[in-house]
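Undergrad: attaching a predicted model along with its sequence, questions to come.
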Amino acid sequence: MDKLKQLRSVIKEKGLEALLLSDIQDVNWLTGFSGSFGAVLVTESQGLFISDSRYTVQAAEEVKTMPTKTFASPQNFYDFLAAQVQELGIKLLGFDSNETSVAKLKRMETSLANVQLVPAESLTQKMRMVKSPDEIERAKRACALADACFDHVRRLIQPGSIEYDLGLEIEFFFRRQGAELAFAPIVVSGLRSARPHGHPSENRLQEGDFVTMDFGAKVEGFCSDITRTIVVSHASERHIEVYNRVLKAQIAAIKAIKPGALAKDVDSLAREELGDLAQYFGHGLGHGLGGVVHDLGRMAQSSQDIFEPGQIWTVEPGVYIEGFGGVRIEDDVLVTESGVEVLTHSPKELLVLP
Ligand code: ZN
Ligand code: ZN
């Protein structure tokens, strides 16, 4: 079923006459529009894409499934929206309560004084988590590029290399291939590797350092996200032990993902596998991937998510020991009918480089 049809049936189920999608990720998912500002009105029989005049040409090009309209100064979004709502004869309109701030709601209440506004949250969430064949294709390309990037950057690792330079090299690599960055690369070495989301610094790599690199490409609007930790020149017993425990937890977690399994149970399993090292594992086991790197879906103790075929997840246990260093190993997986297909293939046995 196409996305618009699917969404219409959910809108009907919820007793809504029409829905305003205003989260740009929802808009991008539904229409393919890649700009930074847009909204969609969905009714039982129609859809209308709205943006401003910066995107008139782009919207007409990218949005294939519904008419597009744009407004220009001095008109503003809320008055323009009100005119479209009136033209479509909408009397009861659902809006995204997650995305709509109090200030935005006040503006809507003023412009749409004759329309009943109903908060509706997460109507797209379950649909968005199951990827279309086209999205899966783009995800695979983004993952392949991340693997190629690791293969490139690992050659530059030696004592004296600077974290900044490795981070830049990752950026250059993706840009040169025509891709965007899914997020600013993380490169942390030595004691700094105990920072799960540290930015690259002037630190020079030294023999015996862990180096954690976390990066991803955005290819045609779909993100990949991979982490590898390596050791410079020489690994101590402790490095090997900590690394292999994280690897064992990651492999066990990947094996446990299958349709019907609970995200929170797989998170628990990774923690069990880590044993006494679990105390150093402060974040969730993974997240959904999509048009943004931290897309819908969380593998964590608080998660209600259930795995379904077509979802794409990261699996990324990490152990961060202050005064020693940290390890994270992250792969991207597609949930299949029977388990998962791992989409990132960079080597993950402990690499001692160069
Ligand atoms: Zn990552
Ligand atoms: Zn991640």
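TA: Perfect, thanks for sending it. Ligands and ions are numbered 1, 2, ... in the order given.
Undergrad: and the residue of the chain most remote from its centre, what's its pLDDT?
TA: Taking Cα atoms, centre = their mean, the residue of the chain most remote from its mean C-alpha position is N114, at 37.6 Å. Predicted confidence (pLDDT) for N114: 93.
Undergrad: now M1
TA: According to the prediction, M1 has pLDDT 60.
Undergrad: if we can go back for a sec, so who does the residue farthest from the centre of the chain touch?
TA: Q86, K91 (Cβ atoms under 8 Å, 6 or more residues apart in numbering). Heads up, the C-betas are built off the backbone N, CA and C, glycines and all.
Undergrad: one more: E316?
TA: The neighbours of E316, taking Cβ under 8 Å, 6+ apart as the test, are D225, T227, Q250, L285, G286, R328, I329, E330, D331.
Undergrad: likewise Q158?
TA: When contacts are counted by Cβ under 8 Å, 6+ apart, Q158 touches L205, V232, S233, L353, P354.
Undergrad: please apply the same query to L166.
TA: Under the criterion of Cβ under 8 Å, 6+ apart, the contact list for L166 reads V153, L156, I157, P185, V187, P200, V211, M213.
Undergrad: now it: which helix or strand?
TA: Using DSSP states H and E, L166 falls within helix 163-176.
Undergrad: ok, and what's touching the next helix or strand after that helix?
TA: Once helix 163-176 ends, the next helix or strand along the chain (criterion: DSSP H and E) is strand 180-181. Contact partners of strand 180-181, identified using Cβ under 8 Å, 6+ apart, comprise E171, F174, R175, F215, G216, A217, K218, V219.
Undergrad: how about strand 180-181 against ligand 1, any contact?
TA: No: residues of strand 180-181 are not located near ligand 1 by Cβ under 5 Å from the ion, the shortest gap being 11.9 Å.
Undergrad: each with direction, which strands does that strand pair with?
TA: Sheet pairing for strand 180-181, assigned by DSSP bridges, gives strand 217-219 (antiparallel).
Undergrad: could you list the residues in contact with the strand it pairs with?
TA: 138, 141-142, 145-146, 149, 174, 177, 179-182, 223-224.
Undergrad: what's the answer for stretch 66-77, then?
TA: Under the criterion Cβ under 8 Å, 6+ apart, residues 4, 31, 39-40, 46-53, 55-56, 59-60, 80, 84 lie in contact with stretch 66-77.
Undergrad: recalculate using a threshold of 7 Å.
TA: Around stretch 66-77, the neighbours that count as contacts under Cβ atoms under 7 Å, 6 or more residues apart in numbering are 31, 47-53, 55-56, 59-60, 80, 84.
Undergrad: rewinding a little: may I have the helix holding L166 as CSV, with CA atoms only?
TA: C-alpha atoms of helix 163-176 as CSV (Å, rounded to 0.1, in the frame of the first residue of the first chain):
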residue,chain,number,x,y,z
GLU,A,163,41.9,13.3,15.9
TYR,A,164,40.9,16.5,14.0
ASP,A,165,42.6,15.2,10.8
LEU,A,166,40.9,11.8,11.0
GLY,A,167,37.5,13.6,11.5
LEU,A,168,38.2,15.8,8.5
GLU,A,169,39.3,12.9,6.4
ILE,A,170,36.0,11.2,7.1
GLU,A,171,34.1,14.4,6.0
PHE,A,172,36.2,14.7,2.9
PHE,A,173,35.6,11.1,2.0
PHE,A,174,31.9,11.4,2.1
ARG,A,175,31.7,14.8,0.4
ARG,A,176,33.9,13.7,-2.4
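Undergrad: list the buried residues in it.
TA: By 16 or more other Cβ atoms under 10 Å, the buried positions in helix 163-176 come out as E163, D165, L166, G167, E169, I170, F173, F174.
Undergrad: so what's the first one up against?
TA: Contacts here follow Cβ under 7 Å, 6+ apart; on that basis E163 touches V187, V188, S189, P200, S201, N203.
Undergrad: if we go to 10 Å?
TA: The neighbourhood of E163, defined by Cβ atoms under 10 Å, 6 or more residues apart in numbering, consists of 185-190, 192, 198-205, 211, 213.
Undergrad: reformat the contacts of E316 as CSV; add pLDDT.
TA: Conversion of the contacts of E316 to CSV gives the following (pLDDT from 0 to 100):
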residue, pLDDT
D225, 98
T227, 98
Q250, 98
L285, 98
G286, 98
R328, 98
I329, 98
E330, 98
D331, 98
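Undergrad: would you turn the residues you listed into CSV with neighbour count?
TA: Formatted as CSV, the entries for the contacts of E316 read as follows, by neighbours: other Cβ atoms under 10 Å:
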residue, neighbour count
D225, 27
T227, 26
Q250, 26
L285, 29
G286, 29
R328, 25
I329, 23
E330, 25
D331, 27
